[in-house]
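Trainee: Make a model of this:
(chains A, B, C and D)
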Protein chains: 2
Amino acid sequence: MPAQITEEQNRQAREELLDSAETLFYERGIQAVGMDQVRVASGLPLKRIYRLFATKEELVVAVLRRRDARWRGALTARVHAVPDARDRVLAVFDWLAEWFAEPGFRGCAWVNAFGELGSSSEAVLAEVRAHKDAFRDQVAGWVRAAGAPAAAEPVFLLAEGAIVTAGISGDPAAARHARTAAATLLGAH
Amino acid sequence: MPAQITEEQNRQAREELLDSAETLFYERGIQAVGMDQVRVASGLPLKRIYRLFATKEELVVAVLRRRDARWRGALTARVHAVPDARDRVLAVFDWLAEWFAEPGFRGCAWVNAFGELGSSSEAVLAEVRAHKDAFRDQVAGWVRAAGAPAAAEPVFLLAEGAIVTAGISGDPAAARHARTAAATLLGAH
DNA sequence: TTGCGTCGAGAACGATCGTTCTCTACCTTA
DNA sequence: TAAGGTAGAGAACGATCGTTCTCGACGCAA
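Mentor: Numbers count the residues shown, from 1 in each chain, chains lettered A, B, ... in the order given. Okay, here's the model as predicted:
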């Protein structure tokens, strides 16, 4: 064991830290999780955690940013596996349905973060808005490619409504209803 | 001033307390507001606050419950002022648009509460679910009356999506987009 | 081998939280 | 008028928070 910590070790510790923090924050809420619980879950000394992220707020932002990349990346992969442009839009809701059915699904991490910190942390608010804008742009691109540009915003709103509703009610059926409505808005085939 | 507090005084103090707490909770978030700030804003002694509500959680639930009655009451009044069944459904989105444009609009108080306390307070979670179920039932009733029962859930999802989107982005335009989509889902006139 | 610098483990700090307690004043009733 | 009980004001309590500091251990350069 070297006395100096290598760059590679830092990257690995960073990932483990983000893994632990993301799980805890999503399960229990951000404010409900203390840095000491993050320390226990990650197995990293508090000192090391604070060397990687100067404040809890920075850690929260990093968690959200990495989750955004993974979440939208998975969505894109799933959608791009579908050839037909119209079916691609509907695949968004199929993907949402699977997400809703996952054990431990607790709604949208960004909406939850907004509810917790949107009014007290500018950095978190900016991260939440960046994620939503990016998601909206993705959806809009696929809807336009399906030849129904006017449906872009409504389809995005249906997705948002389904996510928040499934999160609160715990019922994944919202994805099905949103999918049907999206199909209607895209126009008859 | 009597030494004993009358029932009427208790009711009035309760309302003032709920007014102050609701404003603070909505503006800054529930966890971010201490009971001492509630005391200052309401002008009531801490002792009296705790005689009206045994815990902060009880106060939060009472705030949400009263807000639900007022919020859905205002919505109903606005919708019932419209005679045509189809226009009634669209009036929901007109009402939302006005709400979004109000200064200090910060999204859905129940969704925000869910994000903050949904995982740690059973009572708050139940209150949030009760509100969303009631709102969904209202919307569904109006949509069915407009002769498009299949559109009930999609219209509800559009409303939810518009609320959460307007809250995060700060842009009231979501109501307009949702309204247009709802009109389409209700069928051509 | 001897310092030097950085590490991990965990105590400690100051602030703040929800909640309760103390104490004084005053109204009510006999 | 005297006694009793309840009010308000605010200190106090114990817990917990994010963050920092202490301290002993250990790898590395000289």
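
Trainee: which residues in chain A form strands?
Mentor: Assigned by DSSP state E, chain A shows no strands.

Trainee: Identify each buried residue in the least confident helix or strand in chain A by mean pLDDT, please.
Mentor: Ranking every helix and strand in chain A by mean pLDDT, DSSP states H and E puts helix A:7-28 at the bottom, with a mean of 92. Within helix A:7-28, the residues scored as buried using 16 or more other Cβ atoms under 10 Å in any protein chain shown are A:13-14, A:17-18, A:20-22, A:24-26. Bear in mind the C-beta positions are built from the backbone N, C-alpha and C, glycine included.

Trainee: Kindly report the same for stretch A:161-180.
Mentor: Residues A:161-169, A:172, A:174-180 are the ones in stretch A:161-180 that count as buried (16+ other Cβ under 10 Å).

Trainee: ok, stretch A:78-97 near chain B or not?
Mentor: No - in terms of Cβ under 8 Å from any Cβ of the partner chain, no part of stretch A:78-97 sits within range of chain B; the closest distance is 10.7 Å.

Trainee: With stretch A:16-35 instead?
Mentor: Yes - counting by Cβ under 8 Å from any Cβ, contacts between stretch A:16-35 and chain B involve A:27-29, A:31-32.

Trainee: Columns distance to B:Ala91 on top of those, output as a markdown table?
Mentor: Shown next, in a markdown table, are those (distance: Cβ to Cβ, whole Å):
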| residue | distance to B:Ala91 |
| --- | --- |
| A:Glu27 | 40 |
| A:Arg28 | 40 |
| A:Gly29 | 36 |
| A:Gln31 | 38 |
| A:Ala32 | 39 |
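
Trainee: Kindly indicate which of these lies nearest A:Arg106.
Mentor: A:Glu27 (6.9 Å; Cβ to Cβ).

Trainee: Next, the contact list for that closest one, please.
Mentor: For A:Glu27, the contacting residues are A:104, A:106, B:119, by Cβ atoms under 8 Å, 6 or more residues apart in numbering or on different chains.

Trainee: Need the buried ones from those residues selected in ChimeraX.
Mentor: Remark: buried members of these, expressed as a ChimeraX selection using 16+ other Cβ under 10 Å:
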select /A:106 /B:119
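
Trainee: Which of the contacts of A:Glu27 sits closest to DNA strand D?
Mentor: Among the contacts of A:Glu27, B:Ser119 lies closest to DNA strand D (Cβ to the nearest atom of the strand), at 13.5 Å.

Trainee: my guess is the closest one meets A:Tyr26, correct?
Mentor: No - if you go by Cβ atoms under 8 Å, B:Ser119 and A:Tyr26 don't touch, sitting 9.1 Å apart.

Trainee: Please identify every residue contacting each of these two.
Mentor: Common contact partners of B:Ser119 and A:Tyr26 (Cβ under 8 Å, 6+ apart): A:Arg106.

Trainee: Surely A:Ser132 touches B:Gly167?
Mentor: Just to correct that, residue A:132 is Lys rather than Ser. No - A:Lys132 is not in contact with B:Gly167 according to Cβ under 8 Å; the separation is 10.3 Å.

Trainee: show me what contacts the closest residue to A:His177 other than its chain neighbours?
Mentor: Ranked by Cβ to Cβ, 6 or more residues apart in numbering or on different chains and with sequence neighbours excluded, the top spatial neighbour of A:His177 is B:Glu153, at 4.0 Å. B:Glu153 makes contact with A:174, A:177, A:181, B:136, B:140, according to Cβ under 8 Å, 6+ apart.

Trainee: any idea how far B:Glu153 is from B:Glu16?
Mentor: 39 Å (Cβ to Cβ, to the nearest Å).

Trainee: What of A:Leu59?
Mentor: 39 Å.

Trainee: Include distance to DNA strand C when you put the buried residues of helix A:7-28 into TSV, please.
Mentor: Converted to TSV, these look like this (distance: Cβ to the nearest atom of the strand, whole Å):
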residue	distance to DNA strand C
A:Ala13	8
A:Arg14	12
A:Leu17	12
A:Leu18	17
A:Ser20	14
A:Ala21	17
A:Glu22	21
A:Leu24	18
A:Phe25	19
A:Tyr26	23
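
Trainee: Out of those residues, flag the one nearest to B:Ala97.
Mentor: A:Tyr26 (32.3 Å).

Trainee: Contact partners for the residue lying closest to that closest one once chain neighbours are set aside?
Mentor: Closest residue to A:Tyr26 apart from its sequence neighbours, by Cβ to Cβ, 6+ apart: A:Ala109 at 5.4 Å. Residues near A:Ala109 by Cβ under 8 Å, 6+ apart: A:25-26, A:64, A:67.

Trainee: Please identify which pair of those residues lies farthest apart.
Mentor: Of all pairs in these, the most separated under Cβ to Cβ is A:Tyr26 and A:Leu64 at 10.3 Å.

Trainee: Isn't A:Phe53 up against A:Ala62?
Mentor: Yes - assessed by Cβ under 8 Å, A:Phe53 is found in contact with A:Ala62 at 6.3 Å.

Trainee: okay, and the common contacts of these two?
Mentor: Common neighbours of A:Phe53 and A:Ala62, using Cβ under 8 Å, 6+ apart, do not exist here.

Trainee: Give the buried residues for stretch A:126-145.
Mentor: In stretch A:126-145, counting by 16+ other Cβ under 10 Å, buried: A:127-129, A:131-132, A:135-136, A:138-140, A:142-143.

Trainee: Equivalent analysis for stretch A:182-189, please.
Mentor: In stretch A:182-189, counting by 16+ other Cβ under 10 Å, buried: A:182-186.
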